[in-house]
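Novice: Here you go, sequence then predicted model.
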Amino acid sequence: MEVSLVNINNLGVGLRLDSEYYKPEFLAVETLLKNKQCMKLDDISKSIKSFGAYSLCNQIILVEKGIPFIRCKDIKEGFIDFSNVQYIDEGTNKLLVKSAVKPKMVMLTMSGTVGNSAIAADNWQYPINSNQDIAKIEVNSLASPYYLTIFFSSRYGKAQTERLPVGSIQQHIFLWQLKEMLVFIPSKGVQDIIEKTYLNAMKLLNESYELYNQAEQILLLEIGLANWKPKHQLFFVKKFSDTKASDRIDADYFQPVYDEVIKKVKQNKNGYKTLDDSVFIKKCIEPGSDAYQEKGIPFLRVSNLSKFGVNNDNQQYLSEELYEKLKNYQPKKGEILLSKDATPGIAYHLNDEPHQMIPSGGILRLKIKDVNHISSEFLTLVLNSIVVQKQIERDIGGSIINHWLVNQVKETIIPVLPDLVQEEITGKIAESFIRREQSKKLLDIAKRGVEMAIEKSEDEALKWINQEVKAHT
């Protein structure tokens, strides 16, 4: 059992009395930072703001395409994932003046997975906005925004943001709490090398996205969907026999946009297959929330899955004893993890032997059948593309809670492309993931460099960062 003894005169800002706030590791970080050249976040910032009145949430109008509206879930450690970003219209953007995102703003999540941070890049296409649970920080001349982003991701930033949240159900950090955060301020030399490392990491990440997009364009070009733009039609005619054959009578299911995609796939000169023809499908398991633990074997939920990998956002864990009972559900190298519930159609290929984990019941495990001329990497790209996403949209249309039924998954059609084209696509995807890993490594180096400057010395940190960057680029 861990015990912390705290003098009443040292109670946290706001007179925190909860024991979680006084965990030994949090107190150790606080003590160390108070003995270093630290400043309060408020003292190194020109402004720290969020959204404004929460009542404005009721006036947000989401649209299919428009101004990107960043949510907490879109902010990862060091970067923004725009792959599932929502959009707002011009009117909503004008209404949400306080939450407008500007270049070089540091964005920090205050709810959900608290403490994730990223910086608004100069080369984004503005305007961009953000939701009520993201703090937007503009620094003054004392700190580099790139350095601050990495500091937030370091052990010493994370310990503080993990310590601050209040609330019994949905935990949240308030702006007045953030202003009191201690930030280690190193020399300009350290800040400059952290900034340079961060920018190189973002360059590699952008190259990764570009390579992935090139692979997707090759696919779409091959099946005639490269310049295709869906159009929603208010009026169209379908035969009664069509409704009988599909066992559906809702109009959205018969939108011509879905027919267009399916027709293109079926007209593909190299043919097509159903997913059931192409893979073995294994269901995963739902042990129930009572089995969740703070530590142990990761329990992979749909929210932890993306087409670029597995994240630990709000990660839940299972005991090692339960894992032993459920280890038949352990994913294996070469399989594809595919979500079928909540956010259906997220596919990730396990290129390497994965760590121990148990996927939830909302995730399927796919394994390529040996008789097929379809590679796992190619199939994963198809699953994440509009080719399959539009089929999913049709299948789950009208549902309150999104469920992509296994029999619908099996009937999903997949275009078959020549081996050489698949190899070209696979090569670009492989290079994309290499760049992504290099980017992640550079962010880790920058983060560890900050920690080393705090724990040891700035000279040691500078020397180590230079050695590591040279070794990994």
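Specialist: Noted; the coordinates are in hand.

Novice: OK, contacts around residue 382?
Specialist: Going by CB atoms under 8 Å, 6 or more residues apart in numbering, residue 382 touches 219, 388, 414-415. The C-beta positions use only the backbone N, C-alpha and C, and glycine is treated the same way.

Novice: Assumed residue 290 was part of a helix.
Specialist: Yes. Membership of residue 290 in a helix is supported by DSSP: H, G, I helix; E, B strand; the rest coil.

Novice: Burial check on it, number of neighbours?
Specialist: Counted with other CB atoms under 10 Å, residues neighbouring residue 290 total 5.

Novice: What distance do you get for it to residue 302?
Specialist: 19 Å (CB to CB, to the nearest Å).

Novice: domain parsing for the chain?
Specialist: By the assignment in automatic domain parsing, the chain contains the domains 8-185, 224-416.

Novice: got those as a markdown table, with mean pLDDT and distance to residue 192 columns?
Specialist: Below are the domains of the chain laid out as a markdown table (pLDDT from 0 to 100; distance: least, CB to CB, whole Å):
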| stretch | mean pLDDT | distance to residue 192 |
| --- | --- | --- |
| domain 8-185 | 89 | 7 |
| domain 224-416 | 88 | 29 |
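
Novice: and of these, who's closest to residue 468?
Specialist: Closest approach to residue 468 among those is made by domain 8-185 (13.9 Å; CB to CB).

Novice: Out of the contacts of residue 382, which sit inside strands?
Specialist: 414-415 (DSSP state E).

Novice: would TSV of the contacts of residue 382 with neighbour count and distance to residue 74 be doable?
Specialist: As requested, the contacts of residue 382 are arranged in TSV below (neighbours: other CB atoms under 10 Å; distance: CB to CB, whole Å):
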residue	neighbour count	distance to residue 74
219	21	25
388	24	22
414	24	29
415	24	30
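
Novice: Quick check: of the contacts of residue 382, which lies closest to residue 271?
Specialist: Nearest to residue 271 among the contacts of residue 382: residue 415, at 7.8 Å, using CB to CB.

Novice: Excluding residues flanking it in the chain, which one is nearest that closest one?
Specialist: Closest residue to residue 415 apart from its sequence neighbours, by CB to CB, 6 or more residues apart in numbering: residue 268 at 4.4 Å.

Novice: which element is that neighbour on?
Specialist: Secondary structure from DSSP states H and E places residue 268 outside every helix and strand.

Novice: surely it meets residue 225?
Specialist: No. In this structure residue 268 lies outside contact range of residue 225 using CB atoms under 8 Å: 10.2 Å.

Novice: These two: who's more crowded?
Specialist: residue 225 (21 against 17).

Novice: follow-up on the earlier one: list the contacts of the residue nearest to residue 415.
Specialist: 222-223, 415-417.

Novice: The domains of the chain into JSON lines, with extra columns for distance to residue 441?
Specialist: JSON lines is the format used below for these (distance: least, CB to CB, whole Å):
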{"stretch": "domain 8-185", "distance to residue 441": "12"}
{"stretch": "domain 224-416", "distance to residue 441": "14"}
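
Novice: Residue 426: which of those domains is closest?
Specialist: That would be, of the domains of the chain and by CB to CB, domain 224-416, which comes in at 4.4 Å.

Novice: and residue 129, what element?
Specialist: strand 128-130.

Novice: After that strand, which helix or strand is next?
Specialist: strand 134-139.

Novice: Can you spell out which helices and strands pack onto the biggest helix by length in the chain?
Specialist: As assigned by DSSP state H, the longest helix anywhere in the chain is helix 419-455. Packing partners of helix 419-455 (3 or more CB pairs under 8 Å, 6 or more residues apart in numbering; DSSP states H and E): helix 24-34, helix 145-153, helix 155-163, strand 182-184, helix 188-222, helix 376-384, helix 458-471.

Novice: change it to 10 Å
Specialist: helix 24-34, helix 145-153, helix 155-163, strand 182-184, helix 188-222, strand 309-310, helix 376-384, helix 458-471 (3 or more CB pairs under 10 Å, 6 or more residues apart in numbering; DSSP states H and E).

Novice: That helix: which residues count as buried?
Specialist: For helix 419-455, a neighbour-count test (16 or more other CB atoms under 10 Å) marks 421-422, 424-426, 428-429, 431-433, 435-436, 438-454 as buried.

Novice: That helix to helix 188-222, inter-axis angle?
Specialist: Here the directions of helix 419-455 and helix 188-222 differ by 160 degrees (axes from the mean of the first three to the mean of the last three CA atoms, to 10 degrees).

Novice: what pLDDT, on average, does helix 419-455 get?
Specialist: Mean pLDDT, computed over helix 419-455, is 97.

Novice: looking at it, residue 42 is touching residue 142, isn't it?
Specialist: No. Checked against CB atoms under 10 Å, the pair residue 42 and residue 142 is beyond contact range at 11.5 Å.

Novice: Comparing these two, which residue is more hemmed in?
Specialist: The neighbour count for residue 42 versus residue 142, taken as other CB under 10 Å, is higher for residue 42 (16 against 12).

Novice: Please point out which parts of stretch 83-103 sit buried.
Specialist: 86-89, 92-93, 95-96, 98-101.

Novice: Would you map the strands across the stretch 1-150 of the chain?
Specialist: Along the stretch 1-150 of the chain, counting by DSSP state E, counting those that start in this stretch, strands occupy 38-40, 45-49, 62-63, 67-70, 86-88, 100-101, 106-109, 117-119, 128-130, 134-139.

Novice: what about the residue nearest to residue 171 when sequence neighbours are not counted, how many neighbours?
Specialist: Nearest non-adjacent residue to residue 171, counting by CB to CB, 6+ apart: residue 165, 3.7 Å away. Per other CB under 10 Å, the neighbour tally for residue 165 reads 19.

Novice: Can you give me the distance of residue 165 to residue 33?
Specialist: 19 Å.
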